[in-house]
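> need a 3D model of the sequence below.
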Amino acid sequence: MRPLRWHRGTFSALRSEDGTACALRPVSGPVAGAFGIYKGHVNVTLTAPAFTLAHVHTGRSLATLPRQRACKRLAEDLAPLRMNWEQTDPDRVAGADAERIRFIVKDYQEAARPPRVIGWSGVGGRR
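Okay, here's the model as predicted:
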């Protein structure tokens, strides 16, 4: 599979103004094939810096990660999967590799988490 060719574009993504009801809203950012990336979260009210990888044909979010570069790498890993990426009906996008997507996305989200600091009380541990 050839690498995705990214270009700047506009597409519609499902987003929520109030955290409950989602609607398609125009967003802009890098687009390649069936994938688009926009700055922000599905829930517009969240302010933590993040980028969301979306399926441009349905507007559905695939993952929200802290860096645009991570979204691009995730899209590169998802693109060759046996899915119906060109479908506009969300129920028809699923293909033979639908189950694998959840695990791949989970791996990216876990890798993006900040490392947990384990406290200790100096050299030699607690006394």
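
> name the surrounding residues that touch the longest helix belonging to the chain.
Counting by DSSP state H, the longest helix found in the chain is helix 98-112. For helix 98-112, contacts defined as CB atoms under 8 Å, 6 or more residues apart in numbering pick out 62-63, 65-67, 70, 73-74, 77-78, 81, 83. For every residue, glycine as well, the C-beta is placed using N, CA and C.

> please identify which of those is nearest to Arg113.
Nearest to Arg113, judged by CB to CB, of the contacts of helix 98-112 is Pro66 at 9.0 Å.

> surely that closest one touches His41?
No. Counting by CB atoms under 8 Å, Pro66 sits too far from His41 to count as a contact (11.2 Å).

> which residues do the two both contact?
Ala50.

> between these two, which one's more packed in?
Higher neighbour count among Pro66 and His41: His41, with 18 against 15, using other CB atoms under 10 Å.

> just send the contacts of helix 98-112 back as TSV, with distance to Arg102 too.
Putting the contacts of helix 98-112 into TSV (distance: CB to CB, whole Å) gives the following:
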residue	distance to Arg102
Leu62	10
Ala63	10
Leu65	15
Pro66	20
Arg67	21
Ala70	17
Arg73	17
Leu74	12
Asp77	13
Leu78	11
Leu81	12
Met83	12
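
> okay, and which of those map to helices?
Applying DSSP H to the contacts of helix 98-112, the entries found in helices are 70, 73-74, 77-78.
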